[in-house]
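[1] Any chance you could fold what I've pasted below:
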Amino acid sequence: MKSKVDWEEALSRCVRCGRCRSVCPTFSLLHREWAVARGRVVLVEALGEGRLEPTQRLEDHLSTCLLCMACEEVCTNKAPVVGLVEEARVLLVQERGKPLYKRILGKVLEDKALANKLVALGLLSRPLWGREVPQYRGLALRMAFFEGWDMVPPLAKPFSREGPQDWGKAEKGTVALFLGCLLDFVYPSMAWATVETLVGLGYRVVMPPDQGCCGHPHRAMGDREGAERLKELNVRTLEESGASMVVTACATCTAYLKEVYPLSIPVKDVVEVMLEAGEGAFQYRLGKKATYHEPCHLGRGQEVRGLITFLQGILGEGLVEMEGYNRCCGFGGSLALAYPQISLGVGEMKARSVRETGASAVLTACPACILQINRCLARAGVEAQAFHLVEAVEVIDR
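    A predicted model of the protein is given here:
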């Protein structure tokens with residue numbers, strides 16, 4: 001919080017009623033009071049007042065929150081749980097410093113040249129440590145000591161290093177494409193599909209150079225300074241792009257840009273642009289029975305709704321609604337790296353929900369969700385695969 005008054009007011013909104021227990025993914029897995037919003041708020045309050053020391057145990061309790069906002073959605077007093085937990089993580093970093101995994105991850109995400117080198121090294125050495133996994137667009141590590149993080153992203157040549165970064169005609173205006181990390185380094189095919197969708201809808205698409213990570217992972221890890229540096233970098237390059245709108249295909253990036261970036265041009269998720277065009281502008285190209293998973297940062301984070309109706313208009317009876325379609329998949333950014341068993345436990349619930357639909361395609365709008373869902377589907381032996389909406393549908397050529 002920005003001041004002591006804000007901090008105290010935010011804390012006072014939680015009246016410990018327990019409604020959050022019915023929706024919290026980590027509580028449903030662990031059944032511990034510290035693993036639910038009201039318990040974590042108590043811990044945050046005690047930390048802020050100096051009644052609790054910034055121990056490793058406290059860091060574990062606060063770092064295993066998925067920041068999915070489900071508790072905030074059902075809270076009658078609108079307690080800003082995510083903001084409180086994030087602020088507490090900042091305090092923990094100030095008091096304890098950053099754990100090794102946070103230092104490494106933060107450095108890689110902030111230093112794009114280093115990230116490019118690591119991806120190149122990973123591509124060269126992949127035959128030594130990885131093997132393809134059926135129904136999963138990724139790899140499995142050969143080393144047994146990585147149990148729990150036995151699957152890693154399918155590295156690829158970064159999209160930002162692909163030729164000219166200017167496509168289409170500006171019939172409806174010029175769009176600046178903000179890539180984020182996963183679309184650039186892991187899923188360039190999604191980036192291409194995003195460009196094709198926007199161009200097909202009549203937009204000129206440019207990709208501003210020198211853009212980096214949006215900064216949300218840094219904020220979530222308590223690295224306020226790193227998040228600010230990335231924000232300043234990206235605001236500058238996006239403002240200088242000459243575009244009339246910024247579009248991303250990552251729900252987390254879009255939500256974060258909308259929330260904290262002081263841009264003079266509007267920011268939209270690519271699915272918002274698709275919703276504006278209407279279902280009549282698209283056709284389904286996968287030919288598979290599908291279900292829909294709503295990313296936390298799309299539905300709760302941006303309040304973008306209507307995707308199920310939109311997809312029903314395109315797929316008809318080929319779309320099957322999933323129970324808990326808007327329940328968090330369990331990725332949680334660095335949580336999946338530091339606390340893999342919690343991430344996998346929540347992900348297993350999502351895999352079971354997918355299995356129950358009988359669908360062979362899971363449509364969503366977040367590359368992190370796609371990574372997590374595919375990982376958990378493969379582990380559970382579910383014959384299904386997750387796709388971004390821009391990969392699943394295409395603009396009808398008129």
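
[2] Near the residue lying closest to residue 169 once chain neighbours are set aside, how many other residues are there?
    Nearest residue to residue 169, sequence neighbours excluded (C-beta to C-beta, 6 or more residues apart in numbering): residue 204, at 5.8 Å. C-beta coordinates here come from the backbone N, C-alpha and C atoms, glycine included. Residues contacting residue 204 under the criterion other C-beta atoms under 10 Å number 18.

[3] Distance of residue 204 relative to residue 167?
    7 Å (C-beta to C-beta, to the nearest Å).

[4] Sort out which residues of the host helix or strand of residue 57 are buried, please.
    Taking DSSP states H and E as the definition, residue 57 sits inside helix 56-63. Residues of helix 56-63 classed as buried: 58-59, 61-63 (neighbour count, 16 or more other C-beta atoms under 10 Å).

[5] pLDDT and distance to residue 236 added to these, as CSV?
    Formatted as CSV, the buried residues of helix 56-63 follow (pLDDT from 0 to 100; distance: C-beta to C-beta, whole Å):
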residue, pLDDT, distance to residue 236
58, 96, 37
59, 94, 33
61, 96, 37
62, 96, 33
63, 95, 31
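
[6] that older thread, and the helix holding residue 57, how far from the chain's centre?
    Per C-alpha atoms, centre = their mean, to the nearest Å, the displacement of helix 56-63 from the mean C-alpha position of its chain is 22 Å.

[7] And for it, what's in contact with it?
    With contacts defined as C-beta atoms under 8 Å, 6 or more residues apart in numbering, helix 56-63 is touched by 34-35, 40, 43-44, 47, 52, 85, 88-89, 92, 96, 99, 334-335, 338-339.

[8] Check which element follows that helix along the chain.
    Next along from helix 56-63, by DSSP H and E: helix 70-74.

[9] tell me what the helix or strand just after that following helix is packed against?
    Proceeding C-terminally, helix 70-74 gives way to helix 81-96 as the next helix or strand, assigned by DSSP H and E. Judged by 3 or more C-beta pairs under 8 Å, 6 or more residues apart in numbering; DSSP states H and E, helix 81-96 is in contact with helix 4-12, helix 37-48, helix 56-63, helix 70-74, helix 216-220.

[10] right, so of the ones you listed, which gets closest to residue 292?
    Among the helices and strands packed on helix 81-96, the nearest to residue 292 by C-beta to C-beta is helix 70-74 (17.2 Å).

[11] contact partners of that closest one?
    Outside helix 70-74, the residues touching it (C-beta under 8 Å, 6+ apart) are 19-20, 22-25, 36-37, 78-82, 296, 300, 327-328.

[12] Just the buried ones from these?
    By neighbour count, with 16+ other C-beta under 10 Å, the contacts of helix 70-74 hold 19-20, 23-25, 36-37, 79-82, 296, 300, 327-328 as buried.

[13] Tell me the one of the residues you listed nearest residue 7?
    Within the buried ones among the contacts of helix 70-74, proximity to residue 7 (C-beta to C-beta) peaks at residue 80, which comes in at 10.3 Å.

[14] List the backbone torsions phi and psi for that closest one.
    Dihedral pair for residue 80: phi -80, psi 70, per degrees, to the nearest 10.

[15] Would you confirm that it contacts residue 10?
    Yes. Under the criterion of C-beta atoms under 8 Å, residue 80 makes contact with residue 10 at 5.1 Å.

[16] Which neighbours do these two have in common?
    With C-beta under 8 Å, 6+ apart applied, the contact sets of residue 80 and residue 10 do not overlap.

[17] How confident was the prediction at residue 138?
    Note on residue 138: pLDDT of 59.

[18] before we move on, the earlier item: does the residue nearest to residue 169 have beta-bridge partners, and which?
    Per DSSP bridges, the residues bridged to residue 204 are residue 174.

[19] Can you say which helix or strand has residue 310 in it?
    Residue 310 belongs to helix 307-315, assigned by DSSP H and E.

[20] Point out where the stretch 251-398 of the chain drops to low pLDDT.
    Residue ranges of the stretch 251-398 of the chain with pLDDT under 70: 398.

[21] let's see 90
    333-334, 336-337, 378-379, 397-398 (pLDDT under 90).

[22] if we can go back for a sec, the residue nearest to residue 169 contacts residue 165, doesn't it?
    No. Applying C-beta under 8 Å, one finds residue 204 not in contact with residue 165, separated by 11.5 Å.

[23] For stretch 348-365, which residues meet the burial criterion?
    348-351, 353-355, 357, 359-365.

[24] Narrow those to those in strands?
    Counted as lying in strands by DSSP state E, out of the buried residues of stretch 348-365, are 361-364.

[25] Tell me the first helix or strand C-terminal of the helix holding residue 310.
    Next along the chain from helix 307-315, counting by DSSP H and E, comes helix 334-338.

[26] Identify the residues contacting that following helix?
    Helix 334-338 is contacted from outside by 63-64, 66, 99, 101-102, 105, 149, 217, 220-221, 330, 342-343, 372, using C-beta under 8 Å, 6+ apart.

[27] of those, buried ones?
    Among these, the ones that count as buried by 16+ other C-beta under 10 Å are 63-64, 66, 99, 102, 105, 149, 217, 220-221, 330, 342-343, 372.

[28] still on that earlier bit, what separation is there between the residue nearest to residue 169 and residue 245?
    Relative to residue 245, and taking C-beta to C-beta, residue 204 is found at 11 Å.

[29] okay, and the common contacts of those two?
    Common contacts of residue 204 and residue 245 (C-beta under 8 Å, 6+ apart): 173-175.

[30] How is this protein divided into domains?
    Domain assignment for the chain by automatic domain parsing gives 4-96, 278-395.

[31] okay if I get those as a markdown table plus distance to residue 232?
    Output for these, formatted as a markdown table (distance: least, C-beta to C-beta, whole Å):
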| stretch | distance to residue 232 |
| --- | --- |
| domain 4-96 | 18 |
| domain 278-395 | 21 |
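
[32] Comparing the ones you listed, which comes out most buried?
    domain 278-395 (a mean of 20; mean count of other C-beta atoms under 10 Å).

[33] where does that one sit relative to the chain's centre, distance-wise?
    Relative to its parent chain, domain 278-395 has a centroid offset of 12 Å by C-alpha atoms, centre = their mean.
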